[in-house]
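**Student:** I would like to see how this sequence folds:
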Amino acid sequence: MIARMTSATARAILVALLIATPSLVVPDVSMDTSQITVLIALIAAVLTFMEYNAVSPSIVEFRDAAPFNRLRFAALFVTVFALSYILKGKVDATPMTQALTAIGTIVGNSIDFPYSPVRMVVLMLPDSSEEELVQSVRTAAGMAYFSSLCAMTGFLFLVRILGWPMRHGAFNVWVNMPLFDPTAGGDVLHRLHRDARINIALGFLLPFMIPAVVKAASDLLNPITLDNPQTLIWTMTAWAFLPASMIMRGIAMHRIGEMIREQRERAYANVDGDLQAA
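**Tutor:** Reported below is the predicted structural model:
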């Protein structure tokens, strides 16, 4: 119990630190923004502690299938941290901010071609946006997209090469997939593969769909403004992380489906062997 509580406390602190990072790094943050950030960080920390301190699962998937959630958190933290320091460099330049800005600029310019996700984000901006804001959005989008691609590549390596999740012992579907009901109807294997395909497809489409929807909605609502550093950081982070998280979830569900299929084949082979022996 003590080990579980300690682990839950550490995770809660890390989540709170993640949420507070932009306010701690970016200069000239207003008092209202700081207070809202502290409140959100406390709420997220409490929810994280309750989730990981509980014996029974609730909403967090693959809780005991490390390092799935650790990899996602690392990608999210790296994205927020990098974008925060990139925007800090506009006011207080340091070797770290310059290096991160250079990486984001190179990646953003490299994948800013027609119909690319970065180009869609740039086109999401109002036509009256200044060139400095456009370049900032392109750099932030490049860094965020690069971080998400690294996370997906790393997880694919874990699945294909290292055999995730079986290297840590037996996989408990109930604990690691609390939102998936095996008794809801239909074949479990078919449902897992179907949900995996849906998650992967949505993950590939969302980086294109989100800017298009925002651009279309700007005719009816106020157009999105990314002049505020906090808004830019969290918008670009969500734009890159949510699709990557869905793709990783789809890959994980497909892997679980393959494990169930292999287990069924072994069970059928054992039954056939017993019948032949009889």
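
**Student:** nearest residue to residue 251 other than its sequence neighbours?
**Tutor:** Residue nearest to residue 251 in three dimensions, not counting chain neighbours: residue 159, with 6.0 Å by CB to CB, 6 or more residues apart in numbering. Placement of C-beta: from N, CA and C, glycine included.

**Student:** show me the domain layout of the protein.
**Tutor:** 1-55, 65-277 (automatic domain parsing).

**Student:** which parts of the strand or helix carrying residue 206 are buried?
**Tutor:** Assigned by DSSP states H and E, residue 206 falls within helix 188-217. Within helix 188-217, the residues that qualify as buried are 188, 191-193, 195-196, 199-200, 202-203, 206-208, 210-211, 214-215, counting by 16 or more other CB atoms under 10 Å.

**Student:** circling back to that earlier point, which of the domains of the chain is buried the deepest?
**Tutor:** domain 65-277 (a mean of 17; mean count of other CB atoms under 10 Å).

**Student:** contact partners of the lowest-mean-pLDDT helix or strand in the chain?
**Tutor:** Counting by mean pLDDT, DSSP states H and E, the chain has its least confident helix or strand at helix 173-176, which shows a mean of 81. Helix 173-176 is contacted by residues 57, 61, 62, 63, 64, 65, 165, 180, 182, 256 when judged by CB atoms under 8 Å, 6 or more residues apart in numbering.

**Student:** now do stretch 93-102
**Tutor:** By CB under 8 Å, 6+ apart, stretch 93-102 touches 82, 85, 86, 88, 89, 139, 143.

**Student:** kindly report the same for stretch 249-263.
**Tutor:** 61-62, 65, 68, 152, 155-156, 159, 164-166, 171, 173, 177, 188-189, 192-193, 195-200, 203.

**Student:** tell me where this structure has helices.
**Tutor:** 2-25, 31-53, 68-88, 95-110, 117-124, 131-160, 173-176, 188-217, 229-277 (DSSP state H).

**Student:** lowest average pLDDT across those?
**Tutor:** Confidence, taken as mean pLDDT, is least for helix 173-176 of those (a mean of 81).

**Student:** can I get it in PDB, CA atoms only?
**Tutor:** Output in PDB follows, covering the C-alpha atoms of helix 173-176 (Å, rounded to 0.1, in the frame of the first residue of the first chain):
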ATOM      1  CA  VAL A 173      -7.500  -6.900 -19.700                       C
ATOM      2  CA  TRP A 174      -9.800  -5.700 -16.900                       C
ATOM      3  CA  VAL A 175      -7.200  -3.700 -15.100                       C
ATOM      4  CA  ASN A 176      -5.500  -2.200 -18.200                       C
END
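
**Student:** that one: how far from the chain's middle?
**Tutor:** Counting by CA atoms, centre = their mean, to the nearest Å, helix 173-176 is centred 20 Å from the centre of its parent chain.

**Student:** try stretch 63-78
**Tutor:** Counting by CA atoms, centre = their mean, stretch 63-78 comes out at 9 Å from the chain centroid.

**Student:** then stretch 9-20?
**Tutor:** Per CA atoms, centre = their mean, the centroid offset for stretch 9-20 relative to its chain is 16 Å.

**Student:** one more: stretch 14-30?
**Tutor:** That offset, for stretch 14-30, works out to 19 Å (CA atoms, centre = their mean).

**Student:** could you do stretch 192-207 as well?
**Tutor:** Per CA atoms, centre = their mean, the centroid offset for stretch 192-207 relative to its chain is 14 Å.

**Student:** could you check how far residue 48 is from residue 97?
**Tutor:** 29 Å (CB to CB, to the nearest Å).

**Student:** C-alpha coordinates for stretch 25-38, PDB please?
**Tutor:** Extracted C-alpha coordinates of stretch 25-38, given in PDB (Å, rounded to 0.1, in the frame of the first residue of the first chain):
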ATOM      1  CA  VAL A  25       8.900  29.300 -17.700                       C
ATOM      2  CA  VAL A  26       7.200  31.900 -19.900                       C
ATOM      3  CA  PRO A  27       7.800  35.400 -18.500                       C
ATOM      4  CA  ASP A  28       5.100  38.100 -18.000                       C
ATOM      5  CA  VAL A  29       2.300  35.800 -17.000                       C
ATOM      6  CA  SER A  30      -0.700  37.600 -15.500                       C
ATOM      7  CA  MET A  31      -1.800  36.900 -12.000                       C
ATOM      8  CA  ASP A  32      -5.200  35.600 -13.200                       C
ATOM      9  CA  THR A  33      -3.500  33.100 -15.500                       C
ATOM     10  CA  SER A  34      -1.200  31.900 -12.700                       C
ATOM     11  CA  GLN A  35      -4.200  31.400 -10.300                       C
ATOM     12  CA  ILE A  36      -6.100  29.400 -12.900                       C
ATOM     13  CA  THR A  37      -3.100  27.300 -13.700                       C
ATOM     14  CA  VAL A  38      -2.500  26.500 -10.000                       C
END
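
**Student:** please consider this matter closed, and thank you.
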